[in-house]
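[1] What follows is a predicted structure for the sequence shown.
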2 protein chains.
Amino acid sequence: MSKLHLGLFINPTGQHMAGWRHPEVPSDFPVNFQAYLEMARQAEAESFDFVFLADGEAVKAGRWTPESLSRTASRFVAQFEPFTLLSALAVTTRSIGLVSTASATLGEPYRIARQLASLDLLSKGRAGWNVVTSYEADVRANFAHLPPIDIADRYRRSAEMVEVVKGLWNSWEKDAFIRDKESGRYYDPARLHALNHKGEFFEVRGPLNVPPSEQGRPGIFVAGSSPEGQEIAAAHAEGMFTALSDLSSARKFYTEVKGRMAAHGRAPDELRIMPGLVPFVGETRAEAEARQKQLDELVHPAVALQHFSFVLGGADLSKFDLDKPLPADFIAEQSEKSTRQRQVLQIALHAGHTLRQMCVLSTRAKGHVTALGTGADVADLMQEWFEAKGCDGFTLMPATTPPAFDDFARFVMPELRRRKLVPEAYGTSPTLRGNLAR
Amino acid sequence: MSKLHLGLFINPTGQHMAGWRHPEVPSDFPVNFQAYLEMARQAEAESFDFVFLADGEAVKAGRWTPESLSRTASRFVAQFEPFTLLSALAVTTRSIGLVSTASATLGEPYRIARQLASLDLLSKGRAGWNVVTSYEADVRANFAHLPPIDIADRYRRSAEMVEVVKGLWNSWEKDAFIRDKESGRYYDPARLHALNHKGEFFEVRGPLNVPPSEQGRPGIFVAGSSPEGQEIAAAHAEGMFTALSDLSSARKFYTEVKGRMAAHGRAPDELRIMPGLVPFVGETRAEAEARQKQLDELVHPAVALQHFSFVLGGADLSKFDLDKPLPADFIAEQSEKSTRQRQVLQIALHAGHTLRQMCVLSTRAKGHVTALGTGADVADLMQEWFEAKGCDGFTLMPATTPPAFDDFARFVMPELRRRKLVPEAYGTSPTLRGNLAR
């Protein structure tokens, strides 16, 4: 039976909005390579499948004012660009996968294919692409001279993008490079293939000017949970990252996505569904709760309100009572916006939270499941989800980086190992896809 | 008086077409990170200002057939992508500048600004951008879905691109990030500036989501020699890379470019003109000549002919006699194509070379000046160009990597140091622009 898979989402200011204010957090983490390196090496010491980075081609202000934004330390304010950062990690780590988000909406397939293939070579087969279909106004504004993209087309566009990128990764067969000094033959032209793609959105001739790595091609992740995203994942992905907040929706999601794979000729185990998990761990439950409370208290209420508005795509929340649940008609209106927002609001409805509670919750876990307690408590939740087929593992999203991850490594990992739920070690020549197939 | 500046152009298959067939060359250099790292560290040990990488978003076949291309090992066949490669070098070197070429014709200013700024942070201020305006058919074919770019506009487009990129690099003032845990103030909104650029070619709002590095912003290089390129260099660049094959044209070029700077409010020393130099060095002249001859003999004549045709933008040379100079009317017709081609052909005309000789020459130095002989011979040529104001230094283009560079380090560097022409060491906190200002 396959093991419970673990990845680490490195949010340099922590998953919790006030994470950067924690006393043990290096406040310059977003531009501190050493801080990233230490976390990646620690995840590697725990035999994690991968580290995972978000991305966005803008300071994502949304409707934030510069004044209020200046108190959030959002990862979207200013930080390393992920391909450059992961390339630096590629030559300073050995076994852990390196997954970067890149938008399939605005990106160019040749550039995405090329940078990932190069990262894959530098890391000896440990690169992965997390495909997202986002297209925020803040990003659009930095590329406003480009022809407009119809937002309604974005999933078809992403699906075609993935096809083109995968096609470019097949430009050179495995043994295409001969490099024989004697005969002067550098490569075998019969093993070089142009793509000659002409589709609805892209026209790309190829071939790619980067040869394949030890894993053949980079791994593919899909983030999100829309039916269209599920379909791309079922067809192409080795990993799926998503926000799921309770086991029953996780099981439904898991069954649905895995059920789509057979039509693409794929076995269920070829894709690992690894939703986000925000752990608060302590030696005792009281200690774990105190850790969460300490962070909650560091968020200014007005900033929390604005953040929740941001989560909802910029909705105006100022007219609502902080101590009552959001009105049903407002929720219905918001639900049309995106699957992610629909999920967040379903949680609110379900739990009967007040707006104030929702705001605090939104700064904590941002729609992902929280596991709070001792090492055994957190391991229990993980084991339950895993064995009930709610997931194949988790993408950890520590509230603070690195303290909340340190706690996880110290208290939860020994428990998971004792239960023989996680793999003991990497293979002899670790690749990202190899790690995921353990 | 400022010193003679040195940079190293790392062509992973060597500047000479048959460079990769040299017995001491690792034939997988284009995908061998360790090989790049060793060369970069050796250049760093010699206190070079920078290493420099070419780039192209295509397998640049031109009119080559797959069969003949498979014998060239051109750097444009398959290799690391430069931003990922330099990011890996950023965290494994300490002092040397890291300059990457990126086309200003097809690139997106936000992406170029962002990746360079991130490389600049990773390297603690050692990144540089070499601006080129190329727009080959092979590259266009990989982005054929994008709106067409009028080739006649490319210099105006590049000039605007450089303005936008520099503008984005000014998004955050030096002390914009406060990161004060106590007050919860992450940055000072008064020190964050959106660009709001709306120009002829680009509309980019900004701000950039990467803060400035130790050197404030990456260095700017311009490659090429057209009057339009000279103007961009005079206005913006700290470094200029170009192909100059004799001292008299070098002096003319130097005077012309430096003469353009005052109009932009810049002093001549703010820009270092560093033409390519292909050294063949031995303990004796005979040894240096033997090294060149050994390489020449490794090039297949038909491949050499095709390469020269490629240098001329794909001109059909099959109709000409290999043992006669090219006809004057053919040269006149070709000269309209680009400044680079005009230069190459002027050399041919000037020297009365036969087509066969030109073909061999084209595979050797590719239009750049060759310095052949002992350490003292090569140092003589360099000193002469430097003191006669033909250049501020050189960008070394070793025929083989690493052997021809090893020879240079072994025989020429001690001679340059003895003459006190080159700086002894880096400053205490080396940055690319700091290195160039020594």
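    Thanks, I have it.
[2] contacts and neighbour counts: CA atoms only from here.
    Noted.
[3] after the one helix or strand residue A:6 maps to, next one along is what?
    If you go by DSSP states H and E, residue A:6 is part of strand A:5-9. Where DSSP H and E defines the elements, the next helix or strand beyond strand A:5-9 is helix A:33-45.
[4] got the buried residues for that following helix?
    Within helix A:33-45, the residues that count as buried by 16 or more other CA atoms under 10 Å in any protein chain shown are A:33, A:35-37, A:39-44.
[5] now do stretch A:189-200
    Those would be A:189, A:192-197, for stretch A:189-200 by 16+ other CA under 10 Å.
[6] What are the structural domain limits within chain A?
    A:5-171+A:211-280+A:368-436, A:294-363 (automatic domain parsing).
[7] what's the closest of the ones you listed to chain B?
    Nearest to chain B, of all these, is domain A:5-171+A:211-280+A:368-436, at 4.2 Å by CA to the nearest CA.
[8] distance between the ends of that closest one?
    Counting by CA to CA, to the nearest Å, you get 7 Å between the two ends of domain A:5-171+A:211-280+A:368-436.
[9] quick one: average pLDDT of that domain?
    On average, the pLDDT along domain A:5-171+A:211-280+A:368-436 is 95.
[10] Pretty sure residue A:31 sits against residue A:77.
    No. Using CA atoms under 8 Å as the test, residue A:31 is too far from residue A:77 to be in contact (11.3 Å).
[11] So which residues on the stretch 151-300 of chain A come close to chain B?
    When proximity is defined by CA under 8 Å from any CA of the partner chain, the stretch 151-300 of chain A lies next to chain B at A:179-182, A:184-189, A:201-211.
[12] 6 Å - rerun?
    A:181, A:184-187, A:189, A:202-206, A:209-210 (CA under 6 Å from any CA of the partner chain).
[13] So which of the residues you listed are in helices?
    Of these, none are assigned to helices by DSSP state H.
[14] just to revisit the earlier point, export the buried residues of stretch A:189-200 as a markdown table, with columns for pLDDT and secondary structure.
    Listed next are these as a markdown table, based on pLDDT from 0 to 100; DSSP: H, G, I helix; E, B strand; the rest coil:
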| residue | pLDDT | secondary structure |
| --- | --- | --- |
| A:189 | 90 | helix |
| A:192 | 92 | strand |
| A:193 | 94 | coil |
| A:194 | 94 | coil |
| A:195 | 97 | coil |
| A:196 | 98 | coil |
| A:197 | 98 | strand |
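[15] For residue A:80, give its distance to residue A:64.
    22 Å.
[16] of these two, who's got more company?
    residue A:80 (27 against 17; other CA atoms under 10 Å in any protein chain shown).
[17] State whether the more buried one and residue B:118 are indeed in contact, as I suppose.
    Yes. Contact between residue A:80 and residue B:118 holds when scored by CA atoms under 6 Å: they sit 5.1 Å apart.
[18] Now for these two: what residues contact both?
    Shared contacts of residue A:80 and residue B:118, defined by CA atoms under 6 Å, 6 or more residues apart in numbering or on different chains, are absent.
[19] Comparing the domains of chain A, which stretch has the densest surroundings?
    Mean neighbours per residue, mean count of other CA atoms under 10 Å in any protein chain shown, is largest over the domains of chain A for domain A:5-171+A:211-280+A:368-436, with a mean of 22.
[20] any idea how far that domain is from the chain center?
    The chain centre lies 2 Å from the centre of domain A:5-171+A:211-280+A:368-436; the measure is CA atoms, centre = their mean, to the nearest Å.
[21] Nearest to residue B:237, out of the domains of chain A?
    domain A:5-171+A:211-280+A:368-436 (23.3 Å; CA to CA).
[22] coming back round to it: can you put the domains of chain A in CSV and add distance to residue A:286?
    Formatted as CSV, the domains of chain A follow (distance: least, CA to CA, whole Å):
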stretch, distance to residue A:286
domain A:5-171+A:211-280+A:368-436, 8
domain A:294-363, 12
